[in-house]
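S.K.: Have a look; sequence and predicted model below, questions after that.
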There are 2 protein chains.
Amino acid sequence: MKSLENLIKEVLHIVKEAGEYLLSVLSSEIKVYKKLEIEVFTEADKKCEQILTEKLKKLLPEATIVGEEEFSEKSIIPKGVYWLVDPIDGTVNFIHRMPWFAISVALMQEKEPILGVVYNPVTKEMFYATKGKGAYLNGSQIRVSEEKEIENSLLATSFPGECKKKGFERCYGLFKELNLVSQGVRRFGSAALDLAYVACGRFDGFWEPYLKPWDTAAGMLLVLEAGGKVTDYSGEKYHPFKNNIVASNSSIHEKLISYTSKYLNLL
Amino acid sequence: MKSLENLIKEVLHIVKEAGEYLLSVLSSEIKVYKKLEIEVFTEADKKCEQILTEKLKKLLPEATIVGEEEFSEKSIIPKGVYWLVDPIDGTVNFIHRMPWFAISVALMQEKEPILGVVYNPVTKEMFYATKGKGAYLNGSQIRVSEEKEIENSLLATSFPGECKKKGFERCYGLFKELNLVSQGVRRFGSAALDLAYVACGRFDGFWEPYLKPWDTAAGMLLVLEAGGKVTDYSGEKYHPFKNNIVASNSSIHEKLISYTSKYLNLL
């Protein structure tokens, strides 16, 4: 396999190209901002995935590409190296032309991300990391925040569709509790960007249930490589096939877990 | 008084200059992203207000500038024309270097905004409107969305500090109810930008309690001039000295009010 250092440069080019395509979808067609028709969105999503998968395939023929399959902790995790690709993380935002969505690409080895890229084409912020080599934003190394107190922390979360079916009350209970003890909980609507923002210290912590492996794989590596901590709600080691995640600057992690752990067996 | 058409051009210049100053605060001082020290923030807030007030004063000597005073519906509303100025709307975001805050400037006549500007210096999105002349984003006219169903709507709100003291349960009750029936409720943390986003159709609706006049005055004019509707929680005419606001694309307004009105006498 090519070295991660060589791979990452080419992955950044590929992701940027896919981002340009998404921007062209947003800016074309209409003069006045208007929600994307579902057909337009579906085509954009497919075409973006196609750009990514074709080029990643060429770049690393030995790695399969994992996309839309359903996964659970009990699924058979692919062997060897493979890509986890999310062409548009923050789908609802994208459809509404909210400039807050990202492309998320991770190279996995068994359950572990070894390369991760999160890119917001609107703000042109490219976050990336390779295992053991730190995390970067547009060429500058990034670090998690140094905040030690939950009372001074800015947090983030969201409520995936599953919250409506199961555990909705519980999703909100946690949201309310952590709003009360912190500077506030943001809900921007893209888990990949939330994680990237923990990595660069803008958010101090993040949690969310029911995410998919391709939502968190790249972002979790960013947080780890920026000096943060990533676990599940109970404080156990996280991997992207688990259905609940807590990421933080490390200093406030124990405190965060003291809240999330109460909600674990309610999921 | 100068015509609104002449005034607005100069106001845009002034706001842009203040925005450049805020950007310089965010990018200076550190290589690695890190929360602003409270002294740095306080100075930035003051200095930005100073840039705005000095130049607005020169532009329109007959108009007073209203800033940090406490207002309620029972306060004496200034007579004649005056400015409502918020140098940094989205304070918590700014402190945490989240690229989601705005400068908000409105020219008022009695209780009514007649000119409004909302500017996010990070994304360089300048929203502006003058009474009767439509709303604009970076030179292009904007319109509210055409969405008719709350089920397909993307909404926004936030929870000001007062929610912790009074009505917290009630703030969350409304948040939960409207999450359940819509595509989701975002919490980005800047009311001025939330309103601007309703005006350009990215959000279909917005509500929030306990806001200050300078948080909503410019944004409400944007929504009205973009074809939307702005009321209080009960559906009555809104003005910036009321303590609760609902803004929408107009089509979903009645439905939104059917939820917010239940919470009005709980505030």
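M.R.: That came through fine. Residues are numbered from 1 along each chain as shown, chains lettered A, B, ... in the order given.
S.K.: How about stretch A:176-189, which residues are buried there?
M.R.: Of all the residues in stretch A:176-189, those buried under the rule 16 or more other CB atoms under 10 Å in any protein chain shown are A:176, A:178-179, A:182-189. Backbone N, C-alpha and C define where each C-beta goes, glycine included.
S.K.: how is chain A carved up into domains?
M.R.: Domain segmentation of chain A under automatic domain parsing yields A:4-142, A:150-266.
S.K.: Buried ones in the helix ranked longest in chain A, by neighbour count?
M.R.: Looking across chain A with DSSP state H, the single longest helix is helix A:4-27. Within helix A:4-27, the residues that count as buried by 16+ other CB under 10 Å are A:4, A:7-8, A:11-12, A:14-16, A:18-19, A:21-22, A:25-26.
S.K.: Please write out the alpha-carbon positions of that helix in CSV.
M.R.: This file holds the C-alpha atoms of helix A:4-27, laid out as CSV (Å, rounded to 0.1, in the frame of the first residue of the first chain):
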residue,chain,number,x,y,z
LEU,A,4,-0.5,7.5,4.2
GLU,A,5,1.6,10.6,3.6
ASN,A,6,1.4,10.1,-0.1
LEU,A,7,-2.3,9.0,0.0
ILE,A,8,-3.6,12.0,1.9
LYS,A,9,-2.4,14.5,-0.7
GLU,A,10,-4.3,12.8,-3.4
VAL,A,11,-7.4,12.3,-1.3
LEU,A,12,-7.5,16.0,-0.6
HIS,A,13,-7.5,16.7,-4.4
ILE,A,14,-10.3,14.2,-4.9
VAL,A,15,-12.4,15.6,-2.1
LYS,A,16,-11.9,19.1,-3.3
GLU,A,17,-13.1,18.2,-6.7
ALA,A,18,-16.2,16.5,-5.3
GLY,A,19,-16.8,19.7,-3.3
GLU,A,20,-16.6,21.9,-6.3
TYR,A,21,-19.3,19.7,-7.9
LEU,A,22,-21.6,20.1,-4.8
LEU,A,23,-21.1,23.9,-4.9
SER,A,24,-22.1,24.0,-8.6
VAL,A,25,-25.3,22.2,-7.7
LEU,A,26,-26.1,24.7,-5.0
SER,A,27,-25.4,27.8,-7.2
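S.K.: For the helix or strand following that helix, which outside residues touch it?
M.R.: As assigned by DSSP states H and E, the chain's next helix or strand after helix A:4-27 is helix A:38-59. Residues outside helix A:38-59 that contact it (CB atoms under 8 Å, 6 or more residues apart in numbering or on different chains): A:2, A:7, A:10-11, A:14-15, A:17-18, A:21-22, A:25, A:29, A:36, A:63, A:65, A:67, A:83, A:85, A:87-88, A:91, A:94-95, A:103, A:105.
S.K.: So for residue A:89, what's the nearest residue that isn't a sequence neighbour?
M.R.: Among residues not flanking residue A:89 along the chain, residue A:192 sits closest, at 4.1 Å (CB to CB, 6 or more residues apart in numbering or on different chains).
S.K.: so the one you found is in which element?
M.R.: Going by DSSP H and E, residue A:192 is in helix A:191-199.
S.K.: and what of residue A:174?
M.R.: Using DSSP H and E, residue A:174 falls in helix A:168-181.
S.K.: Report the mean confidence score over that helix.
M.R.: Mean per-residue pLDDT for helix A:168-181: 86.
S.K.: Please apply the same query to stretch A:250-267.
M.R.: pLDDT averaged over stretch A:250-267 gives 92.
S.K.: next one: that stretch to chain centre, how far?
M.R.: 19 Å (CA atoms, centre = their mean, to the nearest Å).
S.K.: before we move on, what about stretch A:229-247?
M.R.: Counting by CA atoms, centre = their mean, stretch A:229-247 is centred 13 Å from the centre of its parent chain.
S.K.: Endpoint to endpoint, that stretch covers what distance?
M.R.: For stretch A:229-247, the first-to-last residue distance is 6 Å (CA to CA, to the nearest Å).
S.K.: try stretch A:123-132
M.R.: For stretch A:123-132, the end-to-end distance is 27 Å (CA to CA).
S.K.: How about stretch A:106-115?
M.R.: Per CA to CA, the first residue of stretch A:106-115 is 5 Å away from its last.
S.K.: buried residues in that stretch?
M.R.: A:106-109, A:113-115.
S.K.: Restricted to strands, list those.
M.R.: Judged by DSSP state E, strands contain the following of those: A:106-109, A:113-115.
S.K.: Out of those, which two sit at the greatest distance?
M.R.: A:106 and A:109 (10.3 Å; CB to CB).
S.K.: The helix or strand bottoming out on mean pLDDT in chain A: which residues count as buried?
M.R.: Every helix and strand of chain A was ranked by mean pLDDT, DSSP states H and E. The lowest is helix A:162-165, at a mean of 82. Buried residues in helix A:162-165, counting neighbours by 16+ other CB under 10 Å, are found at residue A:163.
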